[in-house]
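Engineer: prediction below, plus the sequence it came from.
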Amino acid sequence: MKIVVIGGSGLIGSKLVKNLRERGHDVLAASPSTGVNSITREGLAEAMDGADIVVDVANAPSWEDQAVLEFFQTSSRNLLAAEAAAGVRHHVALSIVGTERLPENGYFRAKVAQENLIKASGIPYSILRATQFFEFVGGIADSFTVGEELCVSPALIQPLASDDVVAALTDVVLAAPLNGTVEVAGPEAMPIDELIRRFLRATRDTRRVVPDVHARYYGAVLDDQSLTPGHNPRLGTIRFEDWLNQSMAQASR
């Protein structure tokens with residue numbers, strides 16, 4: 001089975017390509033670096049030739065509100081048109097838990113627009129929404145920084161390891177199209193301020209975390225439902241402390 005992974009050289013894409021190849025599939029890691037560009041359409045028709053499944057895990061190069069919206073809309077329209085012409089039988093996309101609940105966040109608005117294009121395309125599809133990745137916690141911490149303090153929302157978050165995202169995504173890719181959305185989250189929910197305290201302790205960062213219910217997460221004020229999954233999500237198996245310990249051990253080598 002031929003599977004095209006758009007964004008195949010990124011964090012999730014490269015791991016997904018490896019997983020699928022180990023299962024015996026013909027996988028094309030498609031990205032501008034391999035001559036496939038979903039914005040300019042360079043190499044797109046050739047990549048889709050004979051493809052059974054297309055997986056979109058591409059990320060926008062800019063998070064500025066208008067730029068990220070234009071990226072996901074243009075990329076998705078080009079992909080879906082090329083897939084329709086090639087007779088692709090399953091479109092899979094990675095999205096984010098809570099996209100429709102945080103309209104103040106430009107990136108989330110862009111992902112909603114992407115999801116809507118997929119649903120309207122007529123191509124059988126599956127959307128996997130994931131919570132935030134452990135790998136992004138450092139960047140999340142920095143986004144709350146005010147001087148030497150981090151004013152952090154105490155709202156709940158349920159992050160997970162990228163390896164757990166890829167495991168869930170692999171299963172979705174190889175199953176029949178859902179024509180719907182499923183969620184994957186980490187094994188434990190915790191307040192964001194506590195998550196960041198754990199991360200700072202492990203990385204020996206001396207900045208102080210100050211809980212603030214009004215602190216904005218990339219432009220949005222949060223509550224306990226903003227970034228946590230709904231009923232019956234798939235849960236990852238890797239706990240944050242275990243991931244932290246492994247990451248610190250690797251960094252020290």
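Structural biologist: Nice, thanks for sending it over.
Engineer: lowest-pLDDT helix or strand in this structure?
Structural biologist: Across the helices and strands of the chain, mean pLDDT, DSSP states H and E gives its lowest value to strand 145-146, namely a mean of 86.
Engineer: now tell me what touches it from outside.
Structural biologist: Arg207 (C-beta atoms under 8 Å, 6 or more residues apart in numbering). The way it works is simple: take the backbone N, C-alpha and C, and place the C-beta from them, glycine included.
Engineer: secondary structure class of Val172, three-state.
Structural biologist: The three-state assignment at Val172 reads helix, by DSSP: H, G, I helix; E, B strand; the rest coil.
Engineer: that one: neighbour count?
Structural biologist: 21 (other C-beta atoms under 10 Å).
Engineer: my guess is Asp163 contacts Ile238. True?
Structural biologist: Yes: Asp163 is in contact with Ile238 according to C-beta atoms under 8 Å; the separation is 6.4 Å.
Engineer: hang on, the earlier thing: next structured bit after the least confident helix or strand of the chain?
Structural biologist: strand 149-152 (DSSP states H and E).
Engineer: give me the sheet partners of that next one and which way each runs.
Structural biologist: strand 145-146 (antiparallel), strand 208-211 (parallel) (DSSP bridges).
Engineer: please report how far Leu69 lies from Ala60.
Structural biologist: As judged by C-beta to C-beta, to the nearest Å, Leu69 and Ala60 stand 9 Å apart.
Engineer: I meant Glu115, not that one.
Structural biologist: Distance from Glu115 to Ala60, by C-beta to C-beta: 15 Å.
Engineer: please say which of these two ends up with more neighbours.
Structural biologist: Ranked by neighbour count (other C-beta under 10 Å), Glu115 and Ala60 place Glu115 first, with 21 against 17.
Engineer: contact partners for that one?
Structural biologist: 93, 95, 99, 127, 181.
Engineer: contact partners of the helix or strand encompassing the first one?
Structural biologist: In this case it means Ala93. Using DSSP H and E, Ala93 sits in strand 90-96. The contact list for strand 90-96 (C-beta under 8 Å, 6+ apart) reads 12, 52-57, 79-80, 83, 107-108, 111, 114-115, 118, 121, 123-132, 165, 169, 172-173, 176-177, 181.
Engineer: mind running it again at 6 Å?
Structural biologist: 53-57, 111, 115, 118, 123-129, 172-173, 177 (C-beta atoms under 6 Å, 6 or more residues apart in numbering).
Engineer: make a PyMOL selection of the buried ones in those residues.
Structural biologist: To isolate the buried subset of the contacts of strand 90-96 in PyMOL, counting by 16 or more other C-beta atoms under 10 Å, use the following:
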select buried, resi 53+54+55+56+57+111+115+118+123+125+126+127+128+129+172+173
